[in-house]
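> I need the structure of the sequence given here:
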Amino acid sequence: MASKRDTDALFDGEMLAVEKLTRESDIQKACVRWARESCEAYARKFASPGNRSVPDYIFLRGGDTLYVEFKAPRKKPTEAQQNEHALIRAAGGTVYVIDNIAEFKRRFNEFFFLC
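Model (predicted):
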């Protein structure tokens, strides 16, 4: 598990050995912290009782909403998660599956037009 110092180093833009952030929770924590502190985004854990397949987080900024499913590196969403993502997309929503911090920052900045 990455320590607070490790996620602080990553948050501050320092290079960090990739193997230190191999847990989904560590990637998620660093990404959410960056979105809140660097981009002033509203970020909330998404929980839907009785439906375990919803994306992990909802991000709002400037009137736009983004759903993000965090995964450990090279892990894929379950079939139930893929089905839920398809329903969200069919309703006009945007869902990203993210397994690393650099990809999160890139996609977040593209979606919200560079925070």
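
> per-residue confidence at the residue sitting furthest away from the middle of the chain?
The C-alpha centroid of the chain is most remote from residue 50, which lies 21.8 Å away (C-alpha atoms, centre = their mean). On pLDDT, residue 50 comes in at 90.

> how about the helices in the chain?
4-11, 24-39, 79-90, 101-111 (DSSP state H).

> so how far does stretch 66-74 reach from one end to the other?
The straight-line separation of the ends of stretch 66-74 (C-alpha to C-alpha, to the nearest Å) is 21 Å.

> Check stretch 40-58 too.
Stretch 40-58 end-to-end distance (C-alpha to C-alpha) = 14 Å.

> Then stretch 84-100?
21 Å.

> Likewise for stretch 55-69?
End residues of stretch 55-69 are separated by 5 Å (C-alpha to C-alpha).

> next one: stretch 61-73
First-to-last residue span, stretch 61-73, C-alpha to C-alpha: 26 Å.

> So what touches that stretch?
18, 22-24, 27-28, 31, 39-42, 46, 55-60, 77, 81, 85, 88, 93-100, 104, 108, 111-113, 115 (C-beta atoms under 8 Å, 6 or more residues apart in numbering). Placement of C-beta: from N, CA and C, glycine included.

> next one: phi and psi at the closest residue to residue 47 other than its chain neighbours?
Leaving aside its chain neighbours, residue 47 sits nearest to residue 54 (7.5 Å; criterion: C-beta to C-beta, 6 or more residues apart in numbering). As for residue 54, its main-chain torsions (degrees, to the nearest 10) stand at phi -70, psi 160.

> So for residue 54, what's the pLDDT?
97.

> give me every residue that touches it.
46, 47, 48, 84.

> how much space between it and residue 115?
24 Å (C-beta to C-beta, to the nearest Å).

> Low-confidence stretches in the protein?
Low-confidence segments of the chain, defined by pLDDT under 70: 1-21.

> Pairing partners for residue 96 in the sheet, please.
Counting by DSSP bridges, residue 96 forms beta bridges with residue 68.

> got the contact list for it?
66, 67, 68, 69, 104, 107, 111.
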